[in-house]
Every structure is written in C-alpha cells, then in structure tokens.
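Undergrad: Mind looking at a prediction? Sequence and model below.
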Amino acid sequence: MKLLTGNDLGSGAVTWWTGNGWSIHVEDAADVGEHGEAILHAEEGARRVNAPYIIDALPTEDGPRPAHIKDRIRALGPTVRTDLTLKPADPAAGDWII
Amino acid sequence: MYTYDTYDQAMVDARVAEFRDQITRRIAGEMTEDQFKPLRLMNGLYLQLHAYMLRVAIPYGTLDSRQMRMLAHIARTYDRDYGHFTTRQNIQYNWIKLEDCADILEELATVEMHAIQTSGNCIRNISSDQYAGAAADEVTDPRPWAELLRQWSTFHPEFSYLPRKFKIAVIASPEDRAAMRLHDIGLELIRQDGALGARVFVGGGMGRTPMIAPEINPFVKADDLLSYLEACLRVYNRYGRRDNIYKARIKILIHEIGADAYRRQVATEFAHVKTLGIDPPLAELERIAAFFAPPAYDAANVEPDRTDPDFAVWLDQNVKPHKQAGYAIVNISLKPIGGIPGDATSAQIDVMADLAEKYSFDELRVTHAQNIVLPYVAKRDLYAVWHALRDAALADANLDLISDIIACPGLDYCSLANARSIPVAQKIATRFADMDRQRDLGELKLKISGCINACGHHHAGHIGILGVDKKGVENYQLTFGGSGAEDVSIGKIIGPGFDEDGVVDAVEKATEVYKALREGDERFLDTYRRVGLEPFKEAIYG
Amino acid sequence: MVEFRYRTDEVTEQPSVTLDAFLDQSNATAVRLEPDDDARALIPFLDRLTLIEVAFPKYRDGRGYSAARILREAGYQGELRAQGDVLVDQIAFMRRCGFDSFAPESSLNPDAVARALAHYDHAYQGAADAVVPIWKLRHG
Ligand code: HEM
Ligand code: SF4
C-alpha cells in the first residue's frame, strides 16, 4: 500500500493523510493507491502540509507500517528518547520500528 | 567577551524583523517551500525527521552565563527541555514550531545571539579553539579575529549564494583543537618578524570526499586578511562547480584546478581587491580585542587537594593547564556512559551557566567534540566545581577517552541519515564503561556519522564509524587512522561493514590489538600508524 | 520586463546581445551576461555600454553577484540589470553588489520589495554601493 506523509507547515509535526485530512498517528493513514500525487499537490498548494511525499507501507493488524526504517522512526519518534515518542508510557510501542 | 554596540544590535534586531516578515509571507502562501527554504536555512531552520530544527549560532563557541541561561530557557519554553551541542560549536533544538521561530529569535537577540548563517550556502558560523584566551601555547587570542570575520561575513552581499556552504576556522596555537585543516578555509595565526598574520589553508572538508586543506598562503598580514579572504571567496563563487551538489565545495575546485592555479588566481584577485579599501583599520581589530582582555586573575596559586580519588581522576582527565598560574581549564563532558553525546537538559545548561558565573569569569565555551569548557577556573575552586558538576551528572572524567564519542544525530533525528548513530555511541560507551579500562586505553577519538555527510567527523576519528544503508538495513563501516588535530589525517575503511553489535565487537577487538602491540606511551593512533592495518584486520575479520 | 529601476536616466531601447556577439561585432551598447561569462571581458568597453543585463537562470546561482561587483569596481556607470529568477529577498544584496534595475521572471509584490530594501540601516562590509561600512562609522 502507499501512504502520503509530510509535516505540518506550522508545527512541523509528522502527519499522515487519512483520506479526508491529516493525523499525527500512522495508524490513521489511508492507502492512497494511485492518487498520491494529486492529493499531494492539492494539499501542498493549500498549505495543509509541508514537504509531502509518498511512501510504501504494509498493512498490519495494528494499522499501516511504513516499509522503510526512516519512516517508521518518523511515525513514532526517536528510538533513543522513548519518553519523547507518541507513546511515551508504552515501552513496547517501538518494537516494530527496528 | 565581545559586547554588541548599537550597530551590532541593530543588525540582529533587523534580522529578526525580516525573518518574521518572511515567515508571515510563507504561512500566508506568498512563498512556496522552495522559495522559503533558502531563507529559513539562512536563519538556521531545517525541516528534520520529526519537526523543524533550529540551529543557534554560538560564534567561535564562546558565550556567557546570561546567554547560556537563554539557551536553557528556549529548551524549556519552546522545545522539549533539552538541546544538542554540535561539532560546529552550535546548539540545535529538535522540536521547534515555525510559528514560534520569530519569537525565539527575538528572545535570543536580547542576549546578543542569533541563528544567522547557521545553514545555507553562505559563510557559516566561524569556529575556533575552545581554549582561546586560556591556552598556554597560543600566539594570540584568536577570538578577536573570529569576531572580525563574523562581522565581515554577516549578510555578505556577494557571498550569500555560494555554490555550497562555507566553513572557516581560526586558531592561534600549534596544537590544533578545532580541526582547522578540515574546513573550507583554515587560518592559523602566527607571528612573523613581530607582525601578526595568518597562514591560510583552503579546501579542506569532510563529506563524501574528505580532503585536508593545502596551504595557499604562508603569511597574510593582519590588515590584508579580509581582502585576501574576499579574493579567496570570489574565485570560488565564480568558478566553483554548480552542476553537481556533491562537487560544489571549494575542496573540489582546488582539487580539480590544483592548489597552484588557485593560489595564482587568488593572488591576481587580491591585487585588485586590495585597492578597494575594504579592510578595516587595525584600530577595529584592537577595538574588538579590548573586549577579550584577560580577566582580573587572582594572584593566589592554591593547588587542589587530591585526596578524593574520584576527584583526582577527573582532575587528571578533564582539567587542562592554563596560561595563568593558579588557574585551570575545566572540560565538562556531555558524554555520560549510555547517554546521548552532546545533549544537555535545560537544568544542566543552567547549572553550567551558574558555575561559569561563579567560577569562570562568566564565560563558557562549546567544543567541536560536543563538550563544554569553563575556561578560567581558579585551582582552589576546582573541588567545588567538580562537586556541583557531579550533582548535575556532568562530572564524567572521560575527556578524549573512548567514551568521549562525537556522534551526529543520525537516523533518530536527521532526514538525510542512512543509519542511527546515537545507539552505536551508547553501546560502545557502555561496553567500555569501566573507567580504569578507558584510562588504560588512553586518548582514543571515536567519531560516528549516520551518513556520508560526515557531520560526526568520522573521517577524523582515530576510529571512525560511518552508517550506511544496506538494502534497507542499518550497517556500519569502520575507518581507522583519522585525526582532526595538528597531525591531521583521513581515516581508511578497514573492510566490509558490520551490524550494530558487530561494530561494537570490532571496536573492542581493535583496542585489544592496540594493547598487545603498543610500545611505550603510544596512543591507539600512533600504534596504528606504526604497524598498519593488517594486525587489526586479522583480529577483526580473521 | 523591468519592474524595479533605481536610476533616473532614460531606459535603453536597444536589445542586448550576447557577450560573444558583442566581442565579435561590438557596436552594440547593451550586453547580456550568462552566469558562466567572464564579466571582465567587458572591462575595455565599459564607457560605451549603457546596459549590462546579468542573467539569473536560477536564484541559487550566485555568480551574477560577483559579476556585478566586478563591473562596478571597474568603473561601470551604466544600467546594471538583474534578469531572471530574481526573488524579493535577494534584491537588497543585489543592490549592494551594484544592480540598479530588476527584471524578475515572475512579478514581485512592490510592498514586499520596499520592505526588504528597508530592513537594514547599515552593513558590516563595503561593497559596490555607497553604504559606509560599520567599521568606518565606528572609526570616523
Ligand atoms: C540534523 C540535521 C543536519 C543536517 C540536515 C546536516 C546536513 C549536512 C550536510 C548535507 C553536510 C554535507 C555538506 C557537504 O559535504 O557539502 C553536512 C556536513 C557537516 N555537518 Fe551537518 N547536518 C546536520 C546536523 C549536523 C550536526 C548535529 C552537526 C554537529 C554535530 C553537523 C556538523 C557538520 C559538519 C562538521 C559537517 C562536515 C563539514 C564538511 O563537510 O567539511 N551537522 N551536514
Ligand atoms: S552525518 Fe548524515 S545523518 Fe549525521 S547529521 Fe549529518 S546528514 Fe544527518
């Protein structure tokens, strides 16, 4: 599956296209199929996202997981500061990243 | 320390207003990201893996307690309570909001700080020797010169769209603590027949094509220096390659046309530029130098009491001789075993600011090894300083030892990375946690970069580690024999790469080979240079 | 099209010729320099020229800034025009390097340009304009 990701223009936070908006949780990401480019241009033009790009991902029980380690780290946060990730209270939250 | 006059302050204030205007236009959609990017980069604002990252300049690595506290304040207020001190003597914040950026710069401007030219294809923050003004071996204090260069290079109208970034370092000691010859321009201040001037090295750098800068001029007089640098940069701006970003640094120009041809072109350009009257009079250098006058030292010379063994170890490892009797240079390690090299919490930054105010004539330095220096501590205060540092978990006695690792942010933070650097640093430091073992290994500079851009100086590591992407999996190459000091050299790749644990094992094996083969008081680097790669390769791959 | 001009003389009507064409026939009074042309080739002819147009095909290519200064340092008094991918936030630097007219490819907001030119009262270093560098103000 293909995901569309980027950063929020104002806050810089990593965001994922959900099909009708943007979420900071990769679990909310929608498969953009062949439409990635078109959505990317529209959303970037409307300044709802900065530096967007399309990535490969795999569907899992827990939601989509980016194929590349870089985007997996983006999805949760730095592996060396689990306290700063999106799931600071859950030590196992990053088990799928590496 | 240098203090802004109304002109300096007006420049920085105007910059904040200008950037605020630019951010407003970007958020309002009057600029595309492509147009905004070079502007935000010239204000040190990157878009990184998780958020915007702001790089704040610490010119030539010197700051006072008020400025240090401001760095803590920004970490607390606008970021996630910590900052990352870099090899270029700057500080980076990893979680900045674009919307906050102008406010942050405005706060920085109140303490004479800024993020000007900390990125972009312009002349970057000038780096220097962290022991400047305190080192026993210096010819003169390099900081007035660095400040002169800071002013000359700030908003330089001709050199703000160079082919690539441009880094200048200034030192004034035979011992090179600033990796001077690995800069685009390295200046070594020297005295010739009583007159001060600079040896000029051009075309060093790391990245994917590491090069040691050749000497381009053995002596440029102080009052010719800016004209000479202007000539060096003009030749580069006109003829540096712009067709390939990887070949755009000045080192490639000099490599392609040769140092002699470059030297001749600069000489011709200099003969012309010198007629333009762009060199400030020596009175300007003297005006600046007056701010760097030696502090009011106390004449008492009280040796510290060494009975506390932990304190004695720290004294031997982290405290360096001072040019003033009764004083010492204190190195604060930001490399706790298992910690993140170069990171400090806002509370730790505040502690260091307090100590500087109380014990170091209000001054601190940031080093290219990602540590902090208190440059003027009276020996009688060393024990009190050590105690306070220990309470803040800042008293690791590992300066220049194997756990004093330089590591770039790597794939945990950097969007250009191929592999993570920090976890490798943590594992190596943990493996060698035993202080006696580290001290037995002696000086061993280990440097890690997460990709070929070499922000972690791996080419200059006695042991260097480079993260590469091997079909989507993190992999690490080892290099041996680099040095960023006066015995400068570029490390060589020893063979096939390793996974994370494999590279830690390989480093350990290398230290064992060293222990078996060392003679006298040879460092790892000396032994490697004497015996060559073979014995190490055999132990690691054999 | 020239959008911003900071001179009072008449606009040259003559179309500009390439540097090679100029050096060949050389009765033109207007020349266009590409980034890899050597501005110094024009030095013997400067008093005959009324317009030198410097091309900026990409804003990131800063060679034209050096070309402009070289021409001004050699005494060129005529119109010096920056043409191409010229952006608001570059105009102040270009003015300092000696450009006095601007023909941006995509039109610029005049208010933004005026603001950009007004941000700084001083400059640290001497360049091709009349601004007195700060070190000189400090030392009289
Ligand atoms: C996280 C954001 C960073 C990015 C995007 C980044 C980007 C780069 C790039 C692209 C280069 C190669 C330039 C070239 O060869 O032309 C480079 C070199 C360098 N960077 Fe970084 N860097 C980052 C962080 C850092 C940090 C944290 C440090 C200090 C620890 C640092 C210090 C350096 C140094 C010393 C060089 C080598 C200069 C040379 O090639 O001579 N950078 N950086
Ligand atoms: S070396 Fe590579 S991974 Fe490390 S900070 Fe520089 S660009 Fe990022």
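TA: Received the coordinates, thanks. Ligands and ions are numbered 1, 2, ... in the order given.
Undergrad: my guess is C:Asp36 contacts C:Gly64, does it?
TA: No - in this structure C:Asp36 lies outside contact range of C:Gly64 using C-beta atoms under 8 Å: 10.6 Å. C-beta here means a position set from N, CA and C on the backbone, and glycine is covered the same way.
Undergrad: quick one, phi/psi of residue 44?
TA: In the absence of a named chain, this looks at chain A. Phi and psi for A:Glu44, reported as degrees, to the nearest 10, are phi -70, psi -40.
Undergrad: Over to A:Lys2?
TA: Dihedral angles phi and psi of A:Lys2 (degrees, to the nearest 10) take the values phi -120, psi 140.
Undergrad: May I have the residues that are in contact with it?
TA: Neighbouring residues of A:Lys2 by C-beta atoms under 8 Å, 6 or more residues apart in numbering or on different chains: A:31-33, A:36, A:54-57.
Undergrad: of all the residues you listed, which two lie farthest apart?
TA: Greatest spacing in the contacts of A:Lys2, by C-beta to C-beta: A:Gly33 and A:Ile55 (13.2 Å).
Undergrad: Look at these two and report which has more neighbours.
TA: Neighbours per residue (other C-beta atoms under 10 Å in any protein chain shown) separate A:Gly33 from A:Ile55, with A:Ile55 holding more: 20 against 8.
Undergrad: And the more buried one, what's its pLDDT?
TA: With respect to pLDDT, A:Ile55 scores 97.
Undergrad: tell me the SS of it?
TA: Secondary structure state of A:Ile55, per DSSP: H, G, I helix; E, B strand; the rest coil, is strand.
Undergrad: just B:Met53 next, same as before
TA: strand.
Undergrad: cool, C:Ala68 as well?
TA: Following three-state DSSP, C:Ala68 is assigned to helix.
Undergrad: That one - how many residues pack around it?
TA: 30.
Undergrad: C:Glu34 touches C:Leu19, doesn't it?
TA: Yes - C:Glu34 is in contact with C:Leu19 according to C-beta under 8 Å; the separation is 7.4 Å.
Undergrad: Which residues of chain C lie near chain B?
TA: Contact residues, chain C versus chain B (C-beta under 8 Å from any C-beta of the partner chain): C:35, C:59-63, C:65-67, C:69, C:73, C:87, C:89-90, C:92-94, C:96-97, C:109, C:112, C:115-116, C:119-127, C:133-139.
Undergrad: can you do 6 Å?
TA: Selection of chain C residues close to chain B by C-beta under 6 Å from any C-beta of the partner chain yields C:61-63, C:65-66, C:69, C:89, C:93, C:96-97, C:119-120, C:122, C:124-127, C:134-135, C:139.
Undergrad: Just the ones of those residues in helices?
TA: In this view, the residues of chain C next to chain B that belong to helices under DSSP state H are C:63, C:65-66, C:69, C:93, C:96-97, C:134-135, C:139.
Undergrad: show me what contacts A:Lys87?
TA: Each residue near A:Lys87 by C-beta atoms under 6 Å, 6 or more residues apart in numbering or on different chains is listed here: A:Ala93.
Undergrad: In contact with B:Gln130, which residues?
TA: B:Gln130 neighbours (C-beta under 6 Å, 6+ apart): B:61, B:365, B:367, B:373.
Undergrad: the helices in the stretch 251-400 of chain B, which residues?
TA: Residue ranges of the helices in the stretch 251-400 of chain B, as given by DSSP state H, counting those that start in this stretch, are B:259-273, B:282-291, B:309-318, B:346-359, B:382-391.
Undergrad: next one: chain A
TA: Counting by DSSP H, the helices of chain A are A:36-45, A:69-76.
Undergrad: With chain B as the reference, name the closest of the ones you listed.
TA: For these, proximity to chain B was assessed by C-beta to the nearest C-beta; helix A:69-76 is nearest, at 5.4 Å.
Undergrad: now check the closest one, is it near chain B?
TA: Yes - using C-beta under 6 Å from any C-beta, helix A:69-76 reaches chain B at A:Arg74.
Undergrad: Show me the contact partners of that helix.
TA: With contact meaning C-beta under 6 Å, 6+ apart, helix A:69-76 is reached by A:14, A:26, A:55, A:66, A:85-86, A:94, A:97, B:49.
Undergrad: Give me every residue in chain B lying close to ligand 2.
TA: For chain B, the residues in contact with ligand 2 (C-beta under 6 Å from any ligand atom) are B:408-410, B:414, B:416-417, B:449-451, B:453-456.
Undergrad: Please pick the buried ones from those.
TA: By neighbour count, with 16 or more other C-beta atoms under 10 Å in any protein chain shown, the residues of chain B next to ligand 2 hold B:408-410, B:414, B:416-417, B:449-451, B:454-456 as buried.
Undergrad: Pipe those into JSON lines and attach secondary structure per row.
TA: Formatted as JSON lines, those follow (three-state DSSP):
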{"residue": "B:Cys408", "secondary structure": "coil"}
{"residue": "B:Pro409", "secondary structure": "coil"}
{"residue": "B:Gly410", "secondary structure": "helix"}
{"residue": "B:Cys414", "secondary structure": "coil"}
{"residue": "B:Leu416", "secondary structure": "coil"}
{"residue": "B:Ala417", "secondary structure": "coil"}
{"residue": "B:Ser449", "secondary structure": "strand"}
{"residue": "B:Gly450", "secondary structure": "coil"}
{"residue": "B:Cys451", "secondary structure": "coil"}
{"residue": "B:Ala454", "secondary structure": "coil"}
{"residue": "B:Cys455", "secondary structure": "coil"}
{"residue": "B:Gly456", "secondary structure": "coil"}
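Undergrad: what about chain B, any weak spots by pLDDT?
TA: Nowhere does chain B drop to pLDDT under 70.
Undergrad: Nearest to B:Ile257 among the contacts of B:Gln130?
TA: The closest of those to B:Ile257 turns out to be B:Gly61 (C-beta to C-beta; 32.9 Å).
Undergrad: Say whether chain A is contacted by the helix or strand where B:Ile428 lies.
TA: Element membership of B:Ile428, judged by DSSP states H and E, is helix B:422-431. Yes - with C-beta under 6 Å from any C-beta as the criterion, chain A is reached by helix B:422-431 at B:Ile422.
Undergrad: next SSE after that helix?
TA: Downstream of helix B:422-431, the next assigned helix or strand under DSSP H and E is helix B:435-441.
Undergrad: Tell me which residues of that following helix come out buried.
TA: So for helix B:435-441, counting by 16+ other C-beta under 10 Å, buried means B:435, B:438, B:441.
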